[in-house]
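In: Next comes the sequence, and after it the predicted model I'd like to discuss.
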Amino acid sequence: MQQWFHDHPIISYILIVACTIYIFNTVFRVGKLPILKEILVHLVLAIGCLVLLLLQLDKLPIIQCMAVAVAMMLLLRLRQMYDKRKAYRKNKDGEAPRVG
């Protein structure tokens, strides 16, 4: 797989940028930014991803590590949705919500 990513650097770069933007938006974003600042942040992220692409092309598993991070964030999101749904059902049944 590492060789395939090395043979297709454009696809590797797109995957790195997509994972980086997803990680940034889910972990580091506090609120909405004005559109010009939003564009500037994403441009800086895209430029910074060139360093990650160089590391990926140098046979380091950057894309695989980012994929694990994204998968863990998705699992956390699913768990939060499950807990929220479970609390909603308890409230609907008339039980007091449990804090903690």
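Out: Right, received. Where do you want to start?
In: buried stuff in stretch 65-75?
Out: Within stretch 65-75, the residues scored as buried using 16 or more other C-beta atoms under 10 Å are 66, 69-70. All C-beta atoms are positioned from the backbone trio N, CA, C, and that covers glycine.
In: Find out how far stretch 72-90 is from the centre of the chain, if you would.
Out: 18 Å (C-alpha atoms, centre = their mean, to the nearest Å).
In: what sits against the residue nearest the centre of the chain?
Out: The centre of the chain sits closest to Ile23, judged by C-alpha atoms, centre = their mean, with a distance of 2.8 Å. Ile23 makes contact with 66, 69-70, 73, according to C-beta atoms under 8 Å, 6 or more residues apart in numbering.
In: CA atoms only for the helix or strand it falls within, dumped as CSV, please.
Out: Applying DSSP states H and E as the criterion places Ile23 in helix 9-23. C-alpha atoms of helix 9-23 as CSV (Å, rounded to 0.1, in the frame of the first residue of the first chain):
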residue,chain,number,x,y,z
PRO,A,9,1.4,11.5,-5.0
ILE,A,10,-1.6,13.6,-6.1
ILE,A,11,-4.0,11.2,-4.5
SER,A,12,-1.8,11.0,-1.5
TYR,A,13,-1.8,14.8,-1.2
ILE,A,14,-5.6,15.0,-1.5
LEU,A,15,-6.1,12.3,1.2
ILE,A,16,-3.6,14.1,3.5
VAL,A,17,-5.4,17.4,3.0
ALA,A,18,-8.8,15.9,3.5
CYS,A,19,-7.8,14.2,6.7
THR,A,20,-6.1,17.3,8.0
ILE,A,21,-9.1,19.5,7.4
TYR,A,22,-11.4,16.9,9.0
ILE,A,23,-9.1,16.7,12.1
